[in-house]
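Got a predicted model here, sequence first, then my questions.
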Amino acid sequence: MGDIISTISSAITWPSLAQVLFFAEGYQFFAHGLLLTGAKCMPLDFVEKIGLGFILHDVVTTAFAYNYTRKFPIIVGLHMLEHLYFLIRWNVGKFSRKFQYWVSYDWFQNNGSSAIEIWLGVFYDMSTHIFMMYALKDEVGKNDLIVTTAACALMYLLIPPTEVLPLVSPSSAPEWVKKRAFQKEEIYTNKKHQ
């Protein structure tokens with residue numbers, strides 16, 4: 001019995017830190033792409049609640065990848081400054097509230113206006129994650145890109161929206177999400193934080 005366990009455990013290879021960071025950067029790129037293209041969105045009340053965690057998750061991923069590779073310091077520095085702004089001003093800054101609304105299901109339901117500055121910001125985030133994946137490319141195997149892409153696609157296709165993570169496609173949102181989308185853009189973005 002001991003030989004079987006020893007054989008199995010020696011056959012299992014745990015991912016290296018570079019592989020984990022590569023996957024995390026790939027996931028961030030994919031998630032930002034879903035928001036940028038409007039393939040997925042979340043109810044506004046959920047975006048308000050998870051914002052800080054969402055931003056910290058993004059910052060931590062990039063910070064760890066940068067500390068591992070020490071490549072692209074200016075790109076990563078600007079990324080960190082952008083996220084520091086959102087971290088400090090998440091539910092109070094007009095620009096932050098505009099971003100929240102733009103990634104929300106409410107935006108789709110109420111025909112929100114597009115904002116080039118937000119689109120460019122999300123595109124910059126995606127570019128940062130691509131740069132970090134590029135920085136990690138020499139540390140990972142050729143199959144890691146395939147595994148990362150397949151895993152992200154499976155998460156997109158297989159994870160249904162729940163109360164814990166109501167990430168929905170605007171064209172097929174369940175009724176319980178549709179009922180939560182009532183906020184108008186101009187009222188929301190100009191509303192003072194309570």
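Ah, there it is. Numbering: from 1, shown residues only.

And the helices in this structure, which stretches?
When secondary structure is read from DSSP state H, the chain shows helices at 2-11, 17-37, 44-69, 73-89, 94-102, 105-109, 116-136, 143-158, 175-178, 185-190.

Ramachandran angles for residue 159?
With angles defined as degrees, to the nearest 10, residue 159 sits at phi -90, psi 110.

Sorry, wrong one. I was asking about residue 179.
With angles defined as degrees, to the nearest 10, residue 179 sits at phi -70, psi -20.

burial measure for it, as a count.
For residue 179, the neighbour count with other Cβ atoms under 10 Å is 10. No exception for glycine: its C-beta is placed from N, CA and C like everyone else's.

cool, and residue 32?
Residue 32 has 21 neighbours, counted by other Cβ under 10 Å.

Can I get the helices of the chain in JSON lines including distance to residue 164 and mean pLDDT?
Formatted as JSON lines, those follow (distance: least, Cβ to Cβ, whole Å; pLDDT from 0 to 100):
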{"stretch": "helix 2-11", "distance to residue 164": "33", "mean pLDDT": "60"}
{"stretch": "helix 17-37", "distance to residue 164": "16", "mean pLDDT": "92"}
{"stretch": "helix 44-69", "distance to residue 164": "10", "mean pLDDT": "88"}
{"stretch": "helix 73-89", "distance to residue 164": "22", "mean pLDDT": "92"}
{"stretch": "helix 94-102", "distance to residue 164": "19", "mean pLDDT": "88"}
{"stretch": "helix 105-109", "distance to residue 164": "16", "mean pLDDT": "89"}
{"stretch": "helix 116-136", "distance to residue 164": "24", "mean pLDDT": "94"}
{"stretch": "helix 143-158", "distance to residue 164": "14", "mean pLDDT": "89"}
{"stretch": "helix 175-178", "distance to residue 164": "13", "mean pLDDT": "88"}
{"stretch": "helix 185-190", "distance to residue 164": "24", "mean pLDDT": "71"}
